[in-house]
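Trainee: Okay, predicted coordinates and the sequence, questions at the end:
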Protein chains: 2
Amino acid sequence: MIVIETIPDMAYLRNNLKEPVGFVPTMGFLHEGHMSLVKKARSENKTVVVSIYVNPTQFGPKEDLSKYPRDLPRDLAMLEKEGADVVFFPSDKEMYPDGYDTWVTVDNLTKPLEGDSRPTHFRGVTTIVNKLFNIVRPTNAYFGQKDAQQVLVVKKMAADLNMNLKVVVCPTIREPDGLAMSSRNVYLNPEQRKAAPVLNKSLLLAKELFIGGQRDAAVILKQMTSLIQKEPLADIDYISISDTATLAELKTISQSALISMAVRFGNTRLIDNILLG
Amino acid sequence: MIVIETIPDMAYLRNNLKEPVGFVPTMGFLHEGHMSLVKKARSENKTVVVSIYVNPTQFGPKEDLSKYPRDLPRDLAMLEKEGADVVFFPSDKEMYPDGYDTWVTVDNLTKPLEGDSRPTHFRGVTTIVNKLFNIVRPTNAYFGQKDAQQVLVVKKMAADLNMNLKVVVCPTIREPDGLAMSSRNVYLNPEQRKAAPVLNKSLLLAKELFIGGQRDAAVILKQMTSLIQKEPLADIDYISISDTATLAELKTISQSALISMAVRFGNTRLIDNILLG
C-alpha cells in the first residue's frame, strides 16, 4: 500500500494505475461503514484508492473541525488489511493553497435538510469531491447511504458536470443496537450513546407504519417525533419525509420517499435516514 | 472530420482518440482568431477537437444571446480546411437538461472588469468550460488572449480544481487596421466599424507612454480616455490598469500589468487588452 501526500505525486502515480480504479473519499477515523465501501471498491476494481482528508470547507464556523477525531496509524492499518492500494493523505496547504478561489455548488438540492442547518456544508463537499475526482480520476467512486443528501448532491454534480465516472452508493452500516456508524459517535458520552439508537428506532417505526399502509407524512412524522421526544437527551434538529430525487417535502407518500433526520445529543449532531417505497 | 451532437457519442469517441488531444472551445461564427487557436492545437496534438456551442448561461438577460451570429456550414468548412478531427456541436437540451442545478464559480477574480459589467457571465463560462473539459478530456485547451479576464479565470479554475490538462493562451489576432477579431464585430455598422480601431489605438498609446517611462496609471488612463472620447461613436464602459494575477487596480505600474477595456458602439460592446511589462 502506497501513502501519497502531494497532488503531483498522486497525478504521476495515477497514470500507472491499473483500470478500473475505485475511489473511496473519507475524512479518516475509519469505521465499519467506511470499510464496507473499501470492500465494495476492492470487489469491483483492479486498483483501490482511498483518500483521508478532513476537509475544512465543509465545516461551519461553529462546527467541530478542530476536534474532529483523527487516528492515521489506525486508519492505515485498517486499509492495509482490507487491501487498499493507494492512500491519498494531503495537507490543507496542498488542497487549498493561498488565494484559493474556486467553488462548485449544487443549488436547489442543497437548500433543504442538511443545507438548511449547515448553509456552507455542501459547497465544501462538492468542491472537495470535484478536486479529488480530478486528482484521482476514478472509474467508480463509493459513498455511503448514511449521508443521504450528500449522495444525491454528489450524483447530481457528477451528472450535471458530465463527469466520466460512476457514483456507487452502499448501504448504511449499523452497530448491533441499530445506531448508524459514524466517526462522530465517539463524541457521545455513555448516556447519550445509550439514547442514540432512538434515531434508528424512529425510522423503523416509520417503516412499520408505511408497511401497514400509512401514507400520510404528517401522521408518520408525528409518531416519529413523539418517539424521539420520549428520549430526554435527544433534541430534534429536523425530521423530514421528502421526494428521493428533488428532496421536496411530501404530504403523501405515493412513490419512493426519503425519511431523514438530524438529532442532537448535547453538542453532537447525528443524522440517519431510510428509503421507503 | 467527425461532427458529434450528443454527450454519449462524444464520450464514446473520446476513448478512441489519439493522445495528446487538443481542444478549442468556441461559440462558432469563426474568424481568424479562432483559427489561430485551431492551428496552434493542430501543431501540438495528435487529435484536435473543436466545440461550437453558444452557451446561454454566460449571457445576461439583456444581452445578445438570441441574435448572436451563427453560421454552422461556414464554420465546418473552415475547420475541415484547417484539419480539425472532431467538432462537438451539442444542443442546449444536451448541455442543460431540465433540472440542471450545478455551477462552478471563481470568486474574487470574477468580481472586477467584465464581472462588474456582466455579473453572471463568468459563472456561465466556468460552468460550461468545466462541462466541456469533462466531456472532451483534453490534454491541452486553447484560449485567446483577447478575452484576458476569461483566460485568467479559466486558468484559475483549472489550477484550483486540479484539472489534468494545460491551458494554452494564444495572442489576439487583429484586422489590418488593428481592431481585435471578434464574432461581435459583425454587429457594427460602417461608421461604427470605422471608429472601432480606437480601442487598439488607445492601447498602443498606453504602450508608447509606458515605453517612454510613464508608470503612473492615472496619467496613462487619462490620456487613453481622452483619445477614445474624441471618437463620438465610442462610449467607454471601463478602462483599467490591473495586476496580471489578481486583477487588482494598480496606481503605479511596477511589474507586469494588464490594460483592459470595454467600449460600446451603439448596442455593440467590444473588449480589448494589452499586457505591459
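Mentor: That came through, no problem.

Trainee: Quick check: residues of the stretch 101-250 of chain A near chain B?
Mentor: By the criterion of C-beta under 8 Å from any C-beta of the partner chain, the positions of the stretch 101-250 of chain A lying close to chain B are A:101-109, A:126, A:130-131, A:134-135, A:137, A:156-157, A:160-164, A:246. In short, each C-beta sits where N, CA and C put it, glycine included.

Trainee: at 10 Å what do you get?
Mentor: Counting by C-beta under 10 Å from any C-beta of the partner chain, the residues of the stretch 101-250 of chain A lying close to chain B are A:101-110, A:123, A:126-127, A:130-137, A:153, A:156-165, A:245-246.

Trainee: Go through these and flag which are in helices.
Mentor: Applying DSSP state H to these, the entries found in helices are A:123, A:126-127, A:130-136, A:153, A:156-160.

Trainee: out of those, which are buried?
Mentor: A:123, A:126-127, A:130-136, A:153, A:156-158, A:160 (16 or more other C-beta atoms under 10 Å in any protein chain shown).

Trainee: A:Leu227 looks like it's in a helix, true?
Mentor: Yes. A:Leu227 sits within a helix when classified using DSSP: H, G, I helix; E, B strand; the rest coil.

Trainee: Look up the closest residue to it, ignoring the ones flanking it.
Mentor: A:Ser202 (4.9 Å; C-beta to C-beta, 6 or more residues apart in numbering or on different chains).

Trainee: What of A:Phe88?
Mentor: Beyond its immediate neighbours in the sequence, the residue positioned closest to A:Phe88 (C-beta to C-beta, 6+ apart) is A:Ser51, lying 4.3 Å away.

Trainee: now A:Lys251
Mentor: Counting by C-beta to C-beta, 6+ apart, the residue nearest A:Lys251 is A:Ala217, at 5.6 Å.

Trainee: Also A:Arg269?
Mentor: Closest to A:Arg269 by C-beta to C-beta, 6+ apart is A:Ala262, at 5.7 Å.

Trainee: Does A:Leu30 lie in a helix or a strand, and which?
Mentor: Remark: A:Leu30 resides in no helix or strand, with elements defined by DSSP states H and E.

Trainee: Was I right to think it contacts A:Leu76?
Mentor: Yes. Distance between A:Leu30 and A:Leu76: 9.4 Å, which falls inside the contact criterion (C-beta atoms under 10 Å).

Trainee: got the contact list for the closest residue to chain B within the stretch 151-277 of chain A?
Mentor: Nearest residue of the stretch 151-277 of chain A to chain B, counting by C-beta to the nearest C-beta: A:Asp160, 3.5 Å away. If a contact means C-beta atoms under 10 Å, 6 or more residues apart in numbering or on different chains, then A:Asp160 has A:104, A:106-107, A:109, B:95-97, B:99-104, B:127, B:130-131 as its contacts.

Trainee: Go again with 6 Å.
Mentor: Neighbour list for A:Asp160: B:100, B:102 [criterion: C-beta atoms under 6 Å, 6 or more residues apart in numbering or on different chains].

Trainee: Check the one 3 residues further on too.
Mentor: With contacts defined as C-beta under 6 Å, 6+ apart, the neighbours of A:Met163 are B:Asn134.

Trainee: Could you rerun that using 8 Å?
Mentor: A:Met163 makes contact with A:133, A:157, B:134 under the criterion C-beta atoms under 8 Å, 6 or more residues apart in numbering or on different chains.

Trainee: Name the surrounding residues that touch the one helix or strand A:Phe143 maps to.
Mentor: Secondary structure from DSSP H and E places A:Phe143 in strand A:140-144. Contacts to strand A:140-144, defined as C-beta under 8 Å, 6+ apart, come from residues A:20-25, A:33-34, A:36-38, A:40-41, A:44-45, A:129, A:133, A:150-151, A:154, A:158, A:165-173.

Trainee: surely A:Gln145 meets A:Val169?
Mentor: Yes. Checked against C-beta atoms under 8 Å, the pair A:Gln145 and A:Val169 is within contact range at 5.5 Å.

Trainee: Please enumerate the shared neighbours of the two.
Mentor: Listed contacts common to A:Gln145 and A:Val169 are A:Val151; contacts here mean C-beta under 8 Å, 6+ apart.

Trainee: Help me confirm that A:Asn16 is found in a strand?
Mentor: No. Under the criterion used here (three-state DSSP), A:Asn16 is coil, not part of a strand.

Trainee: Please report the distance of it from A:Glu82.
Mentor: A:Asn16 sits 22 Å away from A:Glu82, taking C-beta to C-beta, to the nearest Å as the criterion.

Trainee: Between these two, point out the one with more neighbours.
Mentor: Taking A:Asn16 and A:Glu82 together and counting by other C-beta atoms under 10 Å in any protein chain shown, A:Glu82 has the greater number of neighbours (20 against 7).

Trainee: and the nearest residue to the more buried one once chain neighbours are set aside, what element?
Mentor: Leaving aside its sequence neighbours, A:Glu82 sits nearest to A:Val38 (C-beta to C-beta, 6+ apart; 4.8 Å). According to DSSP H and E, A:Val38 maps onto helix A:32-44.

Trainee: and what of A:Ala206?
Mentor: helix A:198-211.

Trainee: Tell me the helices and strands packed up against the host helix or strand of A:Gly22.
Mentor: For A:Gly22, the host element (DSSP H and E) is strand A:21-26. Packed against strand A:21-26, as judged by 3 or more C-beta pairs under 8 Å, 6 or more residues apart in numbering or on different chains; DSSP states H and E, are the following elements: helix A:32-44, strand A:47-52, helix A:121-136, strand A:140-144.

Trainee: orientation of the first one relative to strand A:47-52 in degrees?
Mentor: Put plainly, it is helix A:32-44. 160 degrees (axes from the mean of the first three to the mean of the last three C-alpha atoms, to 10 degrees).
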